[in-house]
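[1] Let's see this in three dimensions:
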Amino acid sequence: MSRAVEESNRRMLRARDAMDREYARPLDVPALARIAHVSPAHFARTFRATFGETPHRYLQRRRVERAMYLLRETERRVTDICFEVGFGSTGTFSRTFREIVGQSPREYRKAAVAARVPTCFTMAWTRPSG
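    Below is the predicted model of the structure:
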């Protein structure tokens, strides 16, 4: 692997780590590009080439993963979870959740049983693929 590719990967990982940490905050491509020290257009292209999905889709999936955990492990209202994980509207949250998980947040909660295994195993078993 060339030094340039290595540096590019490091920059993309830095931005992805920020998305993992700050998923509930409003994050857009220009802000993430600043973290990676590249232009917004270059960031969007390189992120997709590196990780196989757009920054926006990665962030949505990350938020849905956190929502899945909260739906399984807490009794919080779906609306509260929607805003806690960073979605701006319940409609967008429900539509995105259904696209990624295949069922609505309420259906997921009803079907999910809180497993008494380490969280890392539960996350791996229930990680959305889309």
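
[2] what about residue 76, neighbour count?
    Number of residues near residue 76 (other Cβ atoms under 10 Å) recorded here: 12. Glycine gets a C-beta too; all of them are placed from N, C-alpha and C.

[3] Show me how the record splits the protein into domains.
    Domains of the chain are assigned by automatic domain parsing as 3-52, 60-126.

[4] got those as CSV, with mean pLDDT columns?
    Shown next, in CSV, are the domains of the chain (pLDDT from 0 to 100):
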stretch, mean pLDDT
domain 3-52, 95
domain 60-126, 90
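
[5] what's near enough to touch residue 98?
    By Cβ atoms under 8 Å, 6 or more residues apart in numbering, the contact list for residue 98 reads residue 104.

[6] Would you mind measuring from it to residue 34?
    Taking Cβ to Cβ, to the nearest Å as the measure, residue 98 falls 32 Å from residue 34.

[7] tally of neighbours for residue 81?
    If we define neighbours as other Cβ under 10 Å, then residue 81 has 23 of them.

[8] Sticking with the residue nearest to it when sequence neighbours are not counted, tell me its helix or strand.
    Counting by Cβ to Cβ, 6 or more residues apart in numbering, residue 81 lies nearest to residue 70, which is 4.7 Å off, once chain neighbours are set aside. Using DSSP states H and E, residue 70 sits in helix 55-73.

[9] Going by secondary structure, residue 8 is in what exactly?
    Element membership of residue 8 [criterion: DSSP H and E] is helix 3-21.

[10] sorry, back to before: quick one: buried residues of the helix holding residue 70?
    Residues of helix 55-73 classed as buried: 55, 57-72 (neighbour count, 16 or more other Cβ atoms under 10 Å).
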